[in-house]
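Student: below is the sequence, then the predicted model.
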Amino acid sequence: MNKKFTKEEFTSRIKVLNTDSNVDIDYLYEIYSDIYDGLVEISKNKETGQSFNINNMELVFYVLGEFLYSTRGLSDEQINKFVTSESIKESICNVIADKYISLSIYNHEQSKLTNKYFPPISSLELYVNLMLNIVNKGQIKDKNNALLIDFLNKTLSIARCILNQLCDGYETEAFALWRTLHECECVLILLDKYKKSLLPTYVKHMQYGMVFRQGESDNELNNKIFAQLKEDMKKHDLKSKDMKKFIEYGWLLSIPDVDKIENFKLNFRDGVETLAGLHAYSDIYMTSSEILHGSPLLIYSNKTYFHLLTILNLYESFFRIERVFESLFFPKITKEAKEQYLQMKKLYFSQLLSIHKREADTFKAYTRRK
């Protein structure tokens with residue numbers, strides 16, 4: 001059994017975790033101490049078979065978090081009443097003890113096919129992490145393309161979320177999220193290819209979307225944008241019933257000669273995905289959509305199959321996103337970031353390609369056995 005923190009040990013950790021000097025250390029230590037003693041008694045109860053060690057720091061996190069959230073927005077007088085109430089104190093102790101036992105000791109975990117140390121996960125996360133650092137630390141010197149930088153940041157964040165879900169044993173959920181990543185990569189590819197003609201229109205349609213969700217109002221700017229939206233639709237002979245799809249996909253009409261493309265439509269599959277040159281992924285995208293919308297495929301799914309399918313498509317999406325990154329942003333990042341990125345690419349990009357080939361072979365072998 002881990003030894004209980006002394007008052008001094010507890011205080012030093014609270015000060016590291018929290019900069020608010022108004023936190024009542026004495027009150028928090030009383031709560032921590034009461035919960036710790038209660039957990040010790042539960043652990044000693046051989047009849048329940050609940051023997052466990054207590055993670056002191058995790059318990060400190062629960063205590064501090066519960067207190068800060070419960071007292072947020074309260075006046076000093078209200079906080080004083082809060083900490084002098086025995087019934088509130090008892091309630092908080094019970095709540096934290098329940099959360100600690102349920103979420104820390106008996107937390108439900110999915111069966112897992114991988115972990116963060118497995119090369120297909122760790123190698124790609126290493127790459128994504130460096131790219132995110134370049135984006136978020138202001139190492140891209142291009143104030144005129146803030147939208148593209150934000151879009152890339154969100155796209156890379158989604159890729160990392162997929163890796164996290166795979167590590168946590170949520171394969172079908174990860175594959176459903178790949179659908180969003182695929183949509184983002186298609187948009188990035190088009191913005192990269194047609195940036196001069198497309199980017200201003202894309203921004204305009206973002207404004208249309210925000211105004212559409214709010215509806216027509218007395219706001220002068222919103223009304224002006226709404227009027228512009230209707231005028232743009234009129235130019236393309238679109239009716240009121242087409243407003244939503246025009247808002248979402250009408251920016252594609254700024255692509256040169258798009259109206260000459262056979263079977264072009266204002267949607268994702270026959271519009272964005274096709275123009276991005278990725279229509280070959282249409283069936284995979286539809287499978288991901290089925291899962292996203294709660295089909296039986298979501299409930300009764302093969303973990304191994306969707307793990308392999310997700311890894312394979314995540315890697316392929318990443319390779320395309322990386323090419324967009326190099327095309328759009330690499331010339332504009334700082335010298336230090338360039339050197340760091342090139343060094344990483346020299347060391348690890350070939351490994352990513354090797355991993356992708358190996359996972360593709362594994363997926364083919366697995367599907368043949370089914």
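Tutor: That came in fine, so what should we check first?

Student: so where's the protein shaky on pLDDT?
Tutor: 1, 19-21, 46-51, 215-218, 370 (pLDDT under 70).

Student: and this protein, what are its domain boundaries?
Tutor: Domain assignment for the chain by automatic domain parsing gives 7-105, 119-194+255-369.

Student: to residue 230, which of those lies closest?
Tutor: The closest of those to residue 230 is domain 119-194+255-369. By Cβ to Cβ, the value is 16.2 Å. In this view, the C-beta of every residue, glycine as well, is placed from N, C-alpha and C.

Student: follow-up on the earlier one: could I get the domains of the chain in JSON lines, plus columns for mean neighbour count and distance to residue 235?
Tutor: Below are those laid out as JSON lines (neighbours: other Cβ atoms under 10 Å; distance: least, Cβ to Cβ, whole Å):
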{"stretch": "domain 7-105", "mean neighbour count": "14", "distance to residue 235": "50"}
{"stretch": "domain 119-194+255-369", "mean neighbour count": "17", "distance to residue 235": "12"}
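
Student: three-state assignment of residue 112?
Tutor: Secondary structure for residue 112, judged by DSSP: H, G, I helix; E, B strand; the rest coil, is coil.

Student: typed the wrong thing, it's residue 74
Tutor: Residue 74 falls in the coil class when you classify it by three-state DSSP.

Student: if I pick it, what's in contact with it?
Tutor: For residue 74, the contact set (Cβ atoms under 8 Å, 6 or more residues apart in numbering) comprises residue 82.

Student: returning to what we had before: quick one: the domains of the chain as a markdown table, columns for distance to residue 202 too.
Tutor: As requested, those are exported to a markdown table (distance: least, Cβ to Cβ, whole Å):
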| stretch | distance to residue 202 |
| --- | --- |
| domain 7-105 | 38 |
| domain 119-194+255-369 | 6 |
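
Student: just so I know, which of these lies nearest residue 245?
Tutor: Residue 245 lies closest, by Cβ to Cβ, to one member of those: domain 119-194+255-369, at 4.7 Å.

Student: chain center to the closest one: distance?
Tutor: 13 Å (Cα atoms, centre = their mean, to the nearest Å).

Student: the domains of the chain: which one's closest to residue 210?
Tutor: Within the domains of the chain, the stretch nearest residue 210 is domain 119-194+255-369; the backing value is 13.5 Å (Cβ to Cβ).

Student: any idea how far apart the tips of the closest one sit?
Tutor: The straight-line separation of the ends of domain 119-194+255-369 (Cα to Cα, to the nearest Å) is 24 Å.

Student: show me what whatever helix or strand residue 368 lives in is packed up against.
Tutor: Applying DSSP states H and E as the criterion places residue 368 in helix 335-369. If you count contacts as 3 or more Cβ pairs under 8 Å, 6 or more residues apart in numbering; DSSP states H and E, helix 335-369 packs onto helix 119-136, helix 303-328.

Student: possible to save those as TSV with distance to residue 357?
Tutor: Rendered in TSV, the data for these read as follows (distance: least, Cβ to Cβ, whole Å):
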stretch	distance to residue 357
helix 119-136	11
helix 303-328	10
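
Student: mind checking these for the one nearest to residue 289?
Tutor: Counting by Cβ to Cβ, residue 289 lies closest to helix 303-328 out of the helices and strands packed on helix 335-369; the figure is 13.4 Å.

Student: report all helices and strands that that closest one contacts.
Tutor: helix 119-136, helix 146-167, helix 171-193, helix 335-369.

Student: can you pull out the helices in the stretch 151-300 of the chain?
Tutor: For the stretch 151-300 of the chain, applying DSSP state H, counting those that start in this stretch gives helices covering 171-193, 195-214, 220-235, 243-249, 274-275, 282-292, 296-299.

Student: using PDB, write out every CA atom in the first one.
Tutor: Backbone C-alpha positions of helix 171-193 (Å, rounded to 0.1, in the frame of the first residue of the first chain) are rendered in PDB as follows:
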ATOM      1  CA  GLU A 171     -11.000   0.300 -34.100                       C
ATOM      2  CA  THR A 172     -14.400   1.000 -35.700                       C
ATOM      3  CA  GLU A 173     -14.600   4.400 -34.100                       C
ATOM      4  CA  ALA A 174     -11.200   5.200 -35.400                       C
ATOM      5  CA  PHE A 175     -12.300   4.100 -38.900                       C
ATOM      6  CA  ALA A 176     -15.400   6.300 -38.600                       C
ATOM      7  CA  LEU A 177     -13.100   9.200 -37.800                       C
ATOM      8  CA  TRP A 178     -11.000   8.400 -40.800                       C
ATOM      9  CA  ARG A 179     -14.000   9.500 -42.900                       C
ATOM     10  CA  THR A 180     -13.500  13.100 -41.500                       C
ATOM     11  CA  LEU A 181      -9.800  12.900 -42.200                       C
ATOM     12  CA  HIS A 182     -10.500  11.800 -45.800                       C
ATOM     13  CA  GLU A 183     -12.800  14.800 -46.300                       C
ATOM     14  CA  CYS A 184     -10.100  17.100 -44.900                       C
ATOM     15  CA  GLU A 185      -7.400  15.700 -47.100                       C
ATOM     16  CA  CYS A 186      -9.500  16.100 -50.200                       C
ATOM     17  CA  VAL A 187     -10.200  19.800 -49.400                       C
ATOM     18  CA  LEU A 188      -6.500  20.400 -48.700                       C
ATOM     19  CA  ILE A 189      -5.500  18.900 -52.000                       C
ATOM     20  CA  LEU A 190      -8.000  21.100 -53.900                       C
ATOM     21  CA  LEU A 191      -7.000  24.200 -51.900                       C
ATOM     22  CA  ASP A 192      -3.300  23.500 -52.700                       C
ATOM     23  CA  LYS A 193      -4.000  22.800 -56.400                       C
END
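
Student: with that, I have no additional questions.
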